[in-house]
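Visitor: Provide a 3D model corresponding to the input given below.
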Amino acid sequence: LIMPHLLNYYSKFCQKITFYDNESTDNTINIINEFSGCETEIITYSTNGEIRDDIYVQIKNSCWKGADVDFVIVIDSDEFLYHDNLLDFLTNNKFDVYYPTGYNMISNYFPDDYSKLITEQITLGEYCKNYSKSVIFNPNTIKEINYGIGAHESNPIGYSDIQIYNGDDLKLLHYKNLGFEYR
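Guide: Purely as a prediction, here's the structure:
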């Protein structure tokens, strides 16, 4: 249910979206393959049905390496990096690592209008310190991001001194509740 929102949202400012799929059995792969808003790639891996935080951390710590881009965003499918004007913000603020302020998105219903961005349908949220994490950085200046379990902590190491952004205007919106009716 969240995948069309993720694709619609990130395709507004991303040239390519790469998905790491742990052998999903729902309609996720079809939704991604049918999407035409930007380039997509699916990399399948297996944890043999187990929850393997060590594998998730390894993927997040290495999936961006070799990317020839200005920024990479490493997120889970229920996370939305938000700024009133994200592209202008990134163009005019050249930092190596950004720590957006984390919020839980709050809604009494699941936003099922896929013609609108999820951030237009859910406009309420609650600050959550756990979701203030480094999900966007410059892969050309960062040697290692060093995420820990859940990627809530990181210890970025740059090729030289790194500039870190900690501002309230850049937000990481987390939508983990699909709504009462769905649950």
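Visitor: How about exporting the lowest-mean-pLDDT helix or strand in the chain as CSV, limited to the C-alpha atoms?
Guide: Ranked by mean pLDDT, DSSP states H and E, the weakest helix or strand in the chain is helix 86-92, scoring a mean of 91. The C-alpha trace of helix 86-92 is given here as CSV (Å, rounded to 0.1, in the frame of the first residue of the first chain):
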residue,chain,number,x,y,z
LEU,A,86,14.0,20.2,-1.3
LEU,A,87,15.9,20.7,-4.6
ASP,A,88,16.6,24.4,-4.0
PHE,A,89,17.6,23.6,-0.4
LEU,A,90,20.1,21.0,-1.5
THR,A,91,21.4,23.2,-4.3
ASN,A,92,22.0,26.2,-2.0
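Visitor: quick check: longest helix of this structure.
Guide: In terms of residue count, the longest helix belonging to the chain (DSSP state H) is helix 53-62.
Visitor: Give me the residues contacting it.
Guide: The contact list for helix 53-62 (C-beta atoms under 8 Å, 6 or more residues apart in numbering) reads 20, 45, 47, 74, 144-151. Heads up, the C-betas are built off the backbone N, CA and C, glycines and all.
Visitor: Just put those in TSV and tack on distance to residue 137, secondary structure and neighbour count.
Guide: Formatted as TSV, these follow (distance: C-beta to C-beta, whole Å; DSSP: H, G, I helix; E, B strand; the rest coil; neighbours: other C-beta atoms under 10 Å):
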residue	distance to residue 137	secondary structure	neighbour count
20	18	strand	14
45	22	coil	13
47	26	coil	13
74	8	coil	21
144	11	strand	13
145	6	coil	22
146	11	coil	14
147	11	coil	23
148	15	coil	14
149	19	helix	10
150	17	helix	13
151	12	helix	21
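Visitor: re the thing from before, for the longest helix of the chain, what is the average pLDDT?
Guide: Averaged across helix 53-62, the pLDDT comes to 95.
Visitor: Just the CA atoms of whichever strand or helix holds residue 32, as CSV, please.
Guide: Residue 32 is part of helix 28-34, with elements assigned from DSSP states H and E. Provided in CSV are the C-alpha atoms of helix 28-34 (Å, rounded to 0.1, in the frame of the first residue of the first chain):
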residue,chain,number,x,y,z
THR,A,28,5.7,-4.8,-4.6
ILE,A,29,7.8,-5.9,-7.5
ASN,A,30,4.9,-5.4,-10.0
ILE,A,31,4.2,-1.9,-8.7
ILE,A,32,7.8,-1.0,-9.1
ASN,A,33,8.1,-2.5,-12.5
GLU,A,34,5.0,-0.8,-13.8
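Visitor: Sort out which residues of it are buried, please.
Guide: Using 16 or more other C-beta atoms under 10 Å as the test for burial, helix 28-34 gives 29, 31-32.
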